[in-house]
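Participant: quick one: sequence and predicted model below, then my questions.
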Amino acid sequence: MARRLYAYAAERHAFSEAEAAEALGESVGAAVAELAAAHLIQPRSRPTTDGSCPDGPARMCWSAVSPQAAVARTLAPLALRVRETHDEMDRLRGRLEELLPAYEAGTDLRARGGANALELVTDPAALQDLIGELIASAESEVLTCHPGGGRSPATLEGAVVRDEAMLARGVRMRTLYQHTARYSRPTAAYVERVTALGSQVRTVGDGLMRMILVDRHTGLMEVQDDIKAALVVREPNVVEFMAQTFERTWAEAEPFNTTIGPDQARSISDELRQTIVRLLAEGLEDKVIARRLGMSERTCQRHIAEIMRAVGAKSRFQAGFLLSATAAATASAASATAATAATAAASATSAASGTPLTPHPAGAPESAAPAGTAETS
């Protein structure tokens, strides 16, 4: 209706609401208010000489305003606020940059004292900004470890945009998760998207530390008991240690396939069960085991109950004892088997070469030189 009324107003020098309602065949009060708020019509207190507004000078009349003029009047307050915001940004930037010399001087001092390589970041917002800056500045490679099972959809939503942009620049990316992340649909969907662009993703059962390595010169390492904080590492030797830790874990990890066959699913499930057995034998509590494997405590307790039934244990303590005894017996048997095999191999080698397994007794003569061998003086 507002468009029809504006077209009607543009054809006239002035009009009243009564005239417009009669001409357009419906009430125009709401449309008049809308056009007036947008500065597309303006009030006129007296009728024009051509006979518009016949109801008399006391009756309110309206006339059309060009869209260009309406734009200028409507946007003027916004433009003023934008200018004021820019001015405030410039002032704030200037005040902060005044501190740059002091920071650089302090950085040099810390570098001479050997303390420049580590920085603790505890503010979650500042940490996310730092991660975004590091990923945006990556030139060759980014290595990441994400323990704890699947990641939240909100986290993945922001990560996928950032990581896809990085991969599109040609930066290599390798990521490690725990096996339990395979059962997270949002995580699997994220992996499918980034691997399509060349990223590589693998999973392990236990022993994964949360960290990010960018171009092997800057690392972020998890902080104990504070998942929202991180330690920024720039010391070359520590960064190299982090990289080597990642490479060792990567070599033992399994590819994260978004479609898992029955055999692979069974293998991963067996590995998780064996890890639970090992941690249970170490005497760890359910919640600790669950946290280390990236699963819920209820799921972990279900696995533990199945393991206890399998070994015939009536308590966690008994299960841990039985599992420890079984592990020790298995290790002892393996050691004995290896020793037997080594002895048999040595015997076979000795028989083939004619060399006795035991040394000659003291004072016993050495065997004569083989025929055809010349003695040297």
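Facilitator: Yep, that arrived.
Participant: distance of the closest residue in space to Arg44 that isn't next to it in sequence from Glu11?
Facilitator: Spatial nearest neighbour of Arg44, excluding adjacent residues (CB to CB, 6 or more residues apart in numbering): Cys61 at 4.4 Å. C-beta: built from backbone N, CA, C; applies to glycine. Remark: distance between Cys61 and Glu11 (CB to CB, to the nearest Å) = 15 Å.
Participant: out of the two, name the residue with the larger neighbour count.
Facilitator: Cys61 (23 against 9; other CB atoms under 10 Å).
Participant: the residue nearest to Arg44 touches Val32, doesn't it?
Facilitator: No. Here Cys61 lies out of contact with Val32, judged by CB atoms under 8 Å, at a distance of 11.0 Å.
Participant: pLDDT weak spots in the stretch 201-350 of the chain?
Facilitator: 258-268, 316-317, 320, 323-350 (pLDDT under 70).
Participant: again, only using 90
Facilitator: Where the stretch 201-350 of the chain drops to pLDDT under 90, the residues are 204-209, 222-228, 252, 254, 256-350.
Participant: which stretches of it form strands?
Facilitator: For the stretch 201-350 of the chain, the strands defined by DSSP state E, counting those that start in this stretch occupy 211-214, 218-223, 226-233, 254-255.
Participant: without its sequence neighbours, what residue ends up closest to the most centrally placed residue in the chain?
Facilitator: When CA atoms, centre = their mean is applied to the chain, the residue found nearest the centroid is Ala159 (5.6 Å). Nearest residue to Ala159 in three dimensions, chain neighbours excluded: Tyr190, at 7.0 Å (CB to CB, 6+ apart).
Participant: helix or strand for the one you found, just tell me which one.
Facilitator: Assigned by DSSP states H and E, Tyr190 belongs to helix 185-195.
Participant: now do that helix: which elements does it pack against?
Facilitator: In terms of contacts (3 or more CB pairs under 8 Å, 6 or more residues apart in numbering; DSSP states H and E), helix 185-195 is packed against helix 153-168, strand 172-178, strand 200-204.
Participant: just checking: what are the partner strands of the last one?
Facilitator: In other words, strand 200-204. For strand 200-204, the paired strands and their directions (DSSP bridges) are strand 172-178 (parallel), strand 254-255 (antiparallel).
Participant: can you pull the contacts of Val160?
Facilitator: By CB atoms under 8 Å, 6 or more residues apart in numbering, Val160 lies in contact with 190, 193-194.
Participant: now rank the residues you listed by neighbours and give me the top one.
Facilitator: Tallying neighbours with other CB under 10 Å puts Tyr190 at the head of the contacts of Val160, with 25 neighbours.
Participant: my read is that it contacts Leu156, right?
Facilitator: Yes. Counting by CB under 8 Å, Tyr190 touches Leu156, with 4.6 Å between them.
Participant: quick one, phi/psi of Glu235?
Facilitator: Backbone geometry at Glu235, expressed as degrees, to the nearest 10, gives phi -70, psi 120.
Participant: so how far is Glu222 from the closest residue to it other than its chain neighbours?
Facilitator: Using CB to CB, 6+ apart and skipping the chain neighbours, the partner closest in space to Glu235 is Ala117 (3.1 Å). Going from Ala117 to Glu222 by CB to CB gives 17 Å.
Participant: likewise for Asp215?
Facilitator: From Asp215 to Glu222 the distance is 20 Å (CB to CB).
Participant: not counting sequence-adjacent ones, nearest residue to Thr275?
Facilitator: Excluding its sequence neighbours, the residue lying closest to Thr275 (CB to CB, 6+ apart) is Gly205, at 4.5 Å.
Participant: now swap in Leu35 and tell me
Facilitator: Using CB to CB, 6+ apart and skipping residues adjacent in sequence, the residue nearest Leu35 is Ile41, 4.5 Å away.
Participant: the one you found and Glu34 touch, don't they?
Facilitator: No. Using CB under 8 Å, Ile41 is not in contact with Glu34, being 9.5 Å away.
Participant: give me every residue that touches Leu322.
Facilitator: Leu322 is in contact with 311-313, counting by CB under 8 Å, 6+ apart.
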